[in-house]
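[1] with the input below, show me the fold.
(4 chains)
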Number of protein chains: 2
Amino acid sequence: MNVTTFSALAEPNRLDIIQLLCDGPMPVGEIADRLELNQPQTSKHLRVLSDAGLVEVQPVANKRIYKLRPQPFQEMDSWLDSYRRMWEERFDNLDAYLRKLQQQQNQDR
Amino acid sequence: MNVTTFSALAEPNRLDIIQLLCDGPMPVGEIADRLELNQPQTSKHLRVLSDAGLVEVQPVANKRIYKLRPQPFQEMDSWLDSYRRMWEERFDNLDAYLRKLQQQQNQDR
DNA sequence: GCTAATTATTCCTTGACAGACATATTCCAT
DNA sequence: ATGGAATATGTCTGTCAAGGAATAATTAGC
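    Model prediction:
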């Protein structure tokens, strides 16, 4: 799992942009209007999101339409696989760790 | 979906800590050793992760054992639901947007 | 109670990033 | 080609967070 994905989402306005694009592709101006951001900020945030691979752009007329890219979300999904058993299985491994600790202490004598 | 979760994971060492704790609970010293971090940094990162609700601590003897908390991961999982159809369905809604744009231009005349 | 081990906190410095504003760039329409 | 709309980039400033080192706090064992 790549840190840049989380880093890109770790900003309120950028997370809002992602949520907004979840409904479908949208040009810069409309994103700025809906989120009440000024245009340069919006472009800069989109730049970060684009560099992180979360969105891609497609020019149409004199507009640039941004849309989500599935890949990072898929990666996040498979990354979560490692953690699913944490809540599917009921127990945590705390007692297992305590036993391991106990063994180490016994070895020290 | 909360930004603080992403913010906490948007740092390489913290992400490493999370991955490490995926194998089971662990005290501060062991985390620091395995990741080759010094102890204060480790404690500080754990503090951030704890404030974000990603980990919780449980004192055992003179050690403090940290372990993952399922909730934020579950939230992330359900948050991803909104994006699953993006890659399960094949098409993006770009053409839909273009039709909408076309309509608006027609209205302007 | 005292010492050592374990962990948390504080202070300081430095680097990165967001916001505001101005400006540049690109592209369509006429 | 020219004006205008849409978008991108540059610059500056303030803020916040990470790293390093020193120190404080907690706890176990004697």
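[2] right, and DNA strand C sits closest to which residue of chain A?
    Proximity of chain A to DNA strand C (CB to the nearest atom of the strand) peaks at A:P40, 3.5 Å away. All C-beta atoms are positioned from the backbone trio N, CA, C, and that covers glycine.
[3] that's a helix at that residue, yeah?
    Yes - assessed by DSSP: H, G, I helix; E, B strand; the rest coil, A:P40 belongs to a helix.
[4] distance of it from A:E11?
    15 Å (CB to CB, to the nearest Å).
[5] of those two, who's got more company?
    A side-by-side neighbour count of A:P40 and A:E11, using other CB atoms under 10 Å in any protein chain shown, places A:E11 first with 17 against 9.
[6] stretch A:36-47 vs DNA strand D: in contact?
    Yes - using CB under 7 Å from any atom of the strand, we find that stretch A:36-47 touches DNA strand D at A:39-40, A:42-44, A:46-47.
[7] intersect these with the contacts of chain B.
    For chain B, no contacts are drawn from these by CB under 8 Å from any CB of the partner chain.
[8] close to chain B, is the top helix by length along chain A?
    Under DSSP state H, the helix in chain A containing the largest number of residues is helix A:70-88. Yes - using CB under 8 Å from any CB, we find that helix A:70-88 touches chain B at A:70, A:73-74, A:76-77, A:80, A:82-84, A:86-87.
[9] that older thread, dump the residues of stretch A:36-47 next to DNA strand D into TSV; add pLDDT and distance to A:D33 as well.
    Below are the residues of stretch A:36-47 next to DNA strand D laid out as TSV (pLDDT from 0 to 100; distance: CB to CB, whole Å):
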residue	pLDDT	distance to A:D33
A:Q39	97	9
A:P40	97	14
A:T42	98	9
A:S43	97	14
A:K44	98	17
A:L46	98	14
A:R47	97	19
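[10] can you pull the buried residues of stretch A:17-36?
    A:17-18, A:21, A:25-28, A:30-32, A:35 (16 or more other CB atoms under 10 Å in any protein chain shown).
[11] out of these, who's nearest B:L54?
    A:I18 (20.3 Å; CB to CB).
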